[in-house]
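1. Kindly generate the corresponding structure for this input.
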Amino acid sequence: MTSLVLAGNRFISGGLDSLICVWKKGFELERVIKNTTLVCTLNIINLTVPRIVSGGKDGKIREFDLFTGDLINNY
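-> The predicted structure follows:
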């Protein structure tokens, strides 16, 4: 694990395996999001849709929908 962030009642983790995991309180795995590179950093932003923002080893920033895991933007 290289990054961990708290988002309301969820923990979001990311790591060297390129996976972003969304955990419910009690550490029950809710969703796994496959990123294209190892996850260096994570954050949460709340716009109209809460988003997971990840920074990866490839230098790209990606935004994912917190609830569906869908990729929203890739910079």
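2. Helix, strand, or coil at the residue of the chain most remote from its centre?
-> Distance from the centre of the chain peaks at residue 26, with 18.2 Å (CA atoms, centre = their mean). Classification of residue 26 using DSSP: H, G, I helix; E, B strand; the rest coil returns coil.
3. how far away is it from residue 36?
-> Relative to residue 36, residue 26 is positioned 30 Å away (criterion: CB to CB, to the nearest Å). Placement of C-beta: from N, CA and C, glycine included.
4. next one: residue 15
-> As defined by CB to CB, residue 15 lies at a distance of 14 Å from residue 36.
5. of these two, who's got more company?
-> residue 15 (17 against 12; other CB atoms under 10 Å).
6. Not counting its neighbours along the chain, what's nearest that one?
-> Closest residue to residue 15 apart from its sequence neighbours, by CB to CB, 6 or more residues apart in numbering: residue 1 at 4.5 Å.
7. Now do the same contact list for that neighbour.
-> Residue 1 sits next to 13-15 when contact means CB atoms under 8 Å, 6 or more residues apart in numbering.
8. Can you give me the pLDDT of residue 48?
-> pLDDT recorded at residue 48 is 78.
9. Count residues in the vicinity of it, would you?
-> By other CB under 10 Å, neighbour count at residue 48 equals 5.
10. Can you list phi and psi of it for me?
-> For residue 48, the backbone dihedrals are phi -70, psi -30 (criterion: degrees, to the nearest 10).
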